[in-house]
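# Below is the structure, and that's it, no one-letter string:
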């Protein structure tokens, strides 16, 4: 089974989101703003995967604060496990890398207004409450 990890990267009360390059994406994220993440590779833990994905896509080192949810979704007939972590950005300025064309910091309260519907559906239920309780 494929596992995808998402990292809600926080710093100073804001959350980092990314915009994928245009084109096909299996989860329909092409050209859209989303929570940063990616697939867990073979022989990699979920925690290792989210640290690697955030580093590859933004250049940031992160500290995992909490695993806030797990859910199963169906994508193109395949079951995918999505695991969401709240992380804290360490020092440094993020840069859009890999398949991202842009990144930006958004207020916690505006997270859901700033990401696409597909990204919202991957997040755990009541994510806003979980984010406020972890701040």
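Thanks, I have the structure now. Note that the coordinates shown come from a computational prediction; the quantities given were computed from them, not determined experimentally.
# what's the distance between residue 51 and residue 7?
If you measure residue 51 against residue 7 using CB to CB, to the nearest Å, the figure is 8 Å. In this view, the C-beta of every residue, glycine as well, is placed from N, C-alpha and C.
# And these two? Which one has more around it.
Taking residue 51 and residue 7 together and counting by other CB atoms under 10 Å, residue 7 has the greater number of neighbours (27 against 21).
# List the buried residues in the helix or strand harbouring the more buried one.
Here residue 7 sits within strand 2-11, counting by DSSP states H and E. In terms of neighbour count (16 or more other CB atoms under 10 Å), strand 2-11 has its buried residues at 4, 5, 6, 7, 8, 9, 10, 11.
# Tell me the one among these nearest to residue 43.
Taking CB to CB as the measure, residue 43 lies nearest residue 5 of these, at 14.8 Å.
# Give the full set of residues in contact with the closest one.
Applying CB atoms under 8 Å, 6 or more residues apart in numbering, we find residue 5 in contact with 37, 38, 39, 40, 46, 49, 50, 53, 82, 83, 84, 85.
# In helices, which of those fall?
When the contacts of residue 5 are checked against helices (DSSP state H), the matches are 46, 49, 50, 53.
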